[in-house]
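**Student:** make a model of this:
(one chain, ligands or ions: 2)
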Amino acid sequence: MTILSVTAGSVPAVTAYADVVSGLISLRGVSKTFGTGADAVHAFGPVDLDIAEGEFLSLLGPSGCGKSTLMLMIAGLLPPTVGTIEMEGRSVDGPQTDIGIMFQDNTLVPWRTVRGNIELQLELRNLSVANFRDRIAMLLRSVHLEDFADRHPYELSGGMQQRAAFCQAMVHDPQIMLLDEPLGKLDAMTRESIRSDLQGLWMQQKPTVIFVTHSIEEAIQLSSRIAVVTPRPGRIDQIISIDLPFPRDFDVKNSSAFVDYERSIQEIFRGYGVI
Ligand code: ADP
Ligand code: MG
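**Tutor:** Ligands and ions are numbered 1, 2, ... in the order given. Down below sits the predicted model:
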């Protein structure tokens, strides 16, 4: 995979759907239908997808196209109606506890401090908190929360709560992270700042990330590849490699390569009739 190469100013490469790498996570013929008979809703698929170790893959698609449904299936929290999902060669047929998960609404409990919430994730997995002290300190520093470790969630802004939720999702050092619109409810400036911290953590820790967003700009800034999801029932008909060097700071958005990616992806969604 050429995730670190630079093609400044060139026309973005739109790879064919079939041109995927074989991966850490493999989906084959995965589809999901909710309900039966006249009430059945075909939410997602069928989809084949391979996600490589260490990549940052975004699922980019309109609201209701089945992105969250797909994340729940990969996490083993919802069975596919048809198809198979494998993680590191093992079939996913129940909740995956070694991965890190984060949603738009965080799961911080109000009666514990930031540190207590992070430690809770270790306790739930029967891991020794003492062995993770340095990692917790590193994570808190990475998201600029080192001075708020002993505060409760109600004492934090929405952005700070999501920063704490990142630490929660990463504390047990997961190889795979599923992030479902984690920045969705935040204001533009906070989003920008957390994106940068998230990218820094990904570059440093190198987990495999599947990131859901409906922001074209966010997907281009963060991703090594973008899977473009069609309106419901969501299918992946384009995988776009973003060949811009990391880290990608605020200024990258002014580069001609970035703007070219933006235009070509807007064109795809215009074709679906969603913009
Ligand atoms: P997205 O995350 O892309 O916005 P979702 O995965 O949440 O989309 O939903 C995809 C479709 O599946 C929607 O039409 C939604 O109404 C439907 N859906 C999701 N979950 C359920 C459920 N538990 N029961 C019935 N329909 C559902
Ligand atoms: Mg969703």
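
**Student:** all contacts plus neighbour counts: C-alpha atoms, from now on.
**Tutor:** OK.

**Student:** need phi/psi at T33.
**Tutor:** phi -120, psi 130 (degrees, to the nearest 10).

**Student:** let's verify the closest residue to it other than its chain neighbours: helix, strand, or coil?
**Tutor:** Nearest in space to T33, with sequence neighbours left out and distances taken as Cα to Cα, 6 or more residues apart in numbering, is H42 at 4.2 Å. When classified by DSSP: H, G, I helix; E, B strand; the rest coil, H42 comes out as strand.

**Student:** show me the residues around H42 that make contact.
**Tutor:** 32-34, 232-233 (Cα atoms under 8 Å, 6 or more residues apart in numbering).

**Student:** what comes up buried for stretch 71-84?
**Tutor:** Judged by neighbour count using 16 or more other Cα atoms under 10 Å, the buried positions of stretch 71-84 are 71-76, 78-81, 83-84.

**Student:** among these, which are in helices?
**Tutor:** Using DSSP state H, the members of the buried residues of stretch 71-84 that fall within helices are 71-74.

**Student:** okay, the residues you listed in TSV with distance to ligand 1 next?
**Tutor:** Shown next, in TSV, are these (distance: Cα to the nearest ligand atom, whole Å):
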residue	distance to ligand 1
M71	8
L72	8
M73	10
I74	12
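
**Student:** V252: which of the residues you listed is nearest?
**Tutor:** Taking Cα to Cα as the measure, V252 sits nearest to M71 out of these, at 28.7 Å.

**Student:** surely that closest one is in contact with I176?
**Tutor:** No. M71 is beyond contact range of I176, at 11.9 Å (criterion: Cα atoms under 8 Å).

**Student:** got any ranges where the stretch 1-150 of the chain has weak pLDDT?
**Tutor:** The stretch 1-150 of the chain contains residues with pLDDT under 70 at 1-23.
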